[in-house]
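S.K.: Next input, structure requested:
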Amino acid sequence: MDAVLNKDVNLVPDKFVNTYRHWMENVRDWNISRQLLWGQQIPAYYYGSGKTDFVISETKQEALEKAKTQTNNPDLTLQDLKQDSDALDTWFSSWLWPMSVFNGILEPNNPEINYYYPTNDLVTAPEILFFWVARMMIAGHEYRGEKPFTNVYLTGIVRDKQRRKMSKSLGNSPDPIKLIHEYGADGVRVGMLLSSPAGNDLMFDIDLCKQGSGFINKIWNSFKLVKSWEVDNSIDQPKSCAIAIEWYKAKFQQTLLEIEDHFSKYRMSDALMSTYKLIWDDYCSWFLEMVKPSFGEAIDEKTYKEVIAILEDNLKILHPFVPFISEEIWQQLGDRSKEEALIISKWPEAVSIDSTIISEFSFASEVISGIRNIRKSKNISFKDQISLQVLNNENTSNTFNDVIMKLGNVSKLEAVNHQVEGSLSYRVKSNEYFIPIEGAIDVEAEKNKIEEELKYTEGFLKSVQKKLSNERFVGNAPEAVVAVEKAKQADAEAKIQMLRASLAGLE
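M.R.: Numbering: from 1, shown residues only. Got it, this is the predicted structure:
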């Protein structure tokens, strides 16, 4: 008990310390045997019909010699002995587990037990905290004079999304083999881990396995994309690629620290989520788009080598969560021996980073998203180049200008000191960005579209105002209903103002 209370052995989460203490302070007698068909049979050998007619011995032959002496009957044979049919309680053998796996009972000083004992982490369920964990600690201190492990990670109970414990009687327990066939082993693994907050019950939902399977597909498709690029060693590295690589390395290091912090606190699902966001959002959605060569063109050799190195680091942090797909990609990246397998490769080292580039990209990504939103809403094809002007009230750096131009298909990016008339505009913080209308959109078609939307919104506003001007409605309707109608009125008025301003800009 002192080992846990004094934090020599850590229970994770520590809310189970009180549970452990309660069990240890309220010990009750426990049956030494069970009527089981498996387990370690009790070494008691009966030679007569009485309850006291038995001997205890390590082997049946030794028992026979003891029985002959005890009965003074030299004619007893092995056939006259019958071993007790009961098996010792399960915990009798399992409390020796930390030692017996290294043969530390029969050979207490063999090299393996001396090297591995005590182990680092035990993962188990809280319902056997006393029956197994405490007994292993008792045996460890009794037979080796020290704790058997340092940390005990206690998992939750798997429940369905209705919070019911999974059971055969309810029929709410999925077939894991069927899930693996449908979503892949890595997909199911991700689904389980996403629903596994440290020490709490697992709210299992099959949709999480679907999400996991989608993640695996994303990883694989991004790998195939990189492998499809043609490499040309005669091309210089574009500035947009150089800054993209510098940014992603910084973002990777930032995430690596997050992951290691989560691991140190046994927050497996949080570590996975940090990894998931890095790979899905930062690597696939941004980085690969930033370095991807234009259609039909090759990539420069320097950038490609950097991308492969980044991919390898990604695989290392992915491996604990998706071991199969990550090892498969690792082996396809080059001819590797079993000694060079991903599972035994070196974990990435944390290095100091300049977080400035991360915040600069965060701003630049909003600028790019703004361009994409305008293209989408105004039906401007991405194939058509546009120019972009910025009223730089934020005094932002031009670090990512080349990236903005590439991902926005911008032909010219320049700063201005006043608002630009006849432009489509949007804001990022206090910065204003302008896309000249001329040559970018069909002005007449856009005016017709806005006028149609304006007409509809004005009609909607009139219907709301009519309802609010009805004293009977306002007086009898619940206050919440009236508040909703007033909110509709305010939204419609704001939208009308915006549409009229857009129309004026087009004029």
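S.K.: Identify the residues contacting stretch 453-472?
M.R.: Counting contacts by Cβ atoms under 8 Å, 6 or more residues apart in numbering, the residues outside stretch 453-472 that touch it are 473-474, 482, 485-486, 488-489, 492-493, 495-496, 499-500, 503. To be clear about C-beta, it is placed using only N, CA and C from the backbone, and glycine gets the same treatment.
S.K.: which ones among those residues are found in strands?
M.R.: If you go by DSSP state E, the contacts of stretch 453-472 have nothing in strands.
S.K.: Any of those buried? List them.
M.R.: When neighbours are counted using 16 or more other Cβ atoms under 10 Å, these contain these buried positions: 482, 485, 488-489, 492, 495-496, 499.
S.K.: which of those sit farthest apart?
M.R.: Using Cβ to Cβ, the pair of these lying farthest apart is V482 and L499, separated by 26.1 Å.
S.K.: Where does the record place the domain boundaries for the protein?
M.R.: Dividing the chain into domains by automatic domain parsing, as the record does, gives the ranges 2-42+84-154, 176-344, 356-436, 443-506.
S.K.: Check the model's average confidence along the third one for me.
M.R.: For domain 356-436, the mean pLDDT works out to 91.
S.K.: next one: it to chain centre, how far?
M.R.: 33 Å (Cα atoms, centre = their mean, to the nearest Å).
S.K.: What of stretch 471-479?
M.R.: Once both centres are worked out by Cα atoms, centre = their mean, stretch 471-479 turns out to sit 50 Å from its chain's centre.
S.K.: follow-up on the earlier one: kindly reformat the buried ones among the contacts of stretch 453-472 as JSON lines containing pLDDT.
M.R.: What follows is the buried ones among the contacts of stretch 453-472, written out as JSON lines (pLDDT from 0 to 100):
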{"residue": "V482", "pLDDT": "90"}
{"residue": "E485", "pLDDT": "92"}
{"residue": "K488", "pLDDT": "93"}
{"residue": "Q489", "pLDDT": "93"}
{"residue": "A492", "pLDDT": "92"}
{"residue": "K495", "pLDDT": "87"}
{"residue": "I496", "pLDDT": "90"}
{"residue": "L499", "pLDDT": "84"}
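S.K.: Closest one of the residues you listed to L333?
M.R.: Proximity of the buried ones among the contacts of stretch 453-472 to L333, judged by Cβ to Cβ, is greatest for K495, which lies at 52.1 Å.
S.K.: Leaving out sequence neighbours, find the closest residue to the closest one.
M.R.: Of all residues beyond its chain neighbours, the one nearest K495 is T457 (5.3 Å), with distances taken as Cβ to Cβ, 6 or more residues apart in numbering.
S.K.: which regions of the stretch 1-150 of the chain lie under the pLDDT threshold?
M.R.: Segments of the stretch 1-150 of the chain classed as low confidence (criterion: pLDDT under 70) are not present in this model.
S.K.: at 80 what do you get?
M.R.: 31-38 (pLDDT under 80).
S.K.: Report pLDDT for the residue most central in space within the chain.
M.R.: The centre of the chain sits closest to L272, judged by Cα atoms, centre = their mean, with a distance of 2.0 Å. Turning to L272, the model gives it a pLDDT of 95.
S.K.: May I ask you to confirm that Q389 belongs to a helix?
M.R.: No: secondary structure of Q389 (DSSP: H, G, I helix; E, B strand; the rest coil): strand, not part of a helix.
S.K.: doesn't F434 make contact with it?
M.R.: Yes: using Cβ atoms under 8 Å, Q389 is in contact with F434, at 4.5 Å.
S.K.: which residues are common contacts for these two?
M.R.: With contacts defined as Cβ under 8 Å, 6+ apart, the residues adjacent to both Q389 and F434 are 416, 420, 423.
S.K.: Show me these that map onto helices.
M.R.: With helices identified by DSSP state H, none of the entries of these belong to them.
S.K.: Looking at the domains of the chain, spot the one closest to T71.
M.R.: Between T71 and these, the shortest separation by Cβ to Cβ is 17.8 Å, and it involves domain 2-42+84-154.
S.K.: Please, where are all the strands along the stretch 301-450 of the chain?
M.R.: 386-391, 410-416, 423-428, 431-436 (DSSP state E, counting those that start in this stretch).
S.K.: Can you add mean neighbour count and distance to I219 and give the ones you listed back as TSV?
M.R.: Shown next, in TSV, are the strands of the stretch 301-450 of the chain (neighbours: other Cβ atoms under 10 Å; distance: least, Cβ to Cβ, whole Å):
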stretch	mean neighbour count	distance to I219
strand 386-391	20	33
strand 410-416	13	31
strand 423-428	18	31
strand 431-436	20	34
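S.K.: These: which one's closest to E182?
M.R.: Of all these, it is strand 423-428 that lies closest to E182, at 42.8 Å by Cβ to Cβ.
S.K.: strand partners of that closest one, parallel vs antiparallel please.
M.R.: The sheet places strand 423-428 alongside strand 431-436 (antiparallel), with pairing taken from DSSP bridges.
S.K.: Using CSV, list the CA coordinates for the strand it pairs with.
M.R.: What follows is strand 431-436 as a C-alpha-only set of coordinates in CSV (Å, rounded to 0.1, in the frame of the first residue of the first chain):
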residue,chain,number,x,y,z
ASN,A,431,-6.0,43.4,-43.5
GLU,A,432,-8.2,43.9,-46.6
TYR,A,433,-7.7,41.9,-49.8
PHE,A,434,-9.0,42.9,-53.2
ILE,A,435,-9.5,40.9,-56.4
PRO,A,436,-10.2,43.2,-59.4
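S.K.: Between strand 386-391 and that strand, find me the angle.
M.R.: Per axes from the mean of the first three to the mean of the last three Cα atoms, to 10 degrees, the angle that strand 431-436 makes with strand 386-391 is 150 degrees.
S.K.: what's strand 431-436 in contact with?
M.R.: Applying Cβ under 8 Å, 6+ apart, the contact partners of strand 431-436 are 367, 370-371, 374, 386-394, 396, 416, 419-420, 422-427.
S.K.: quick one: the strands in the stretch 101-250 of the chain?
M.R.: Going by DSSP E, counting those that start in this stretch, the stretch 101-250 of the chain shows strands at 119-124, 149-154, 158-159, 202-203, 231-232.
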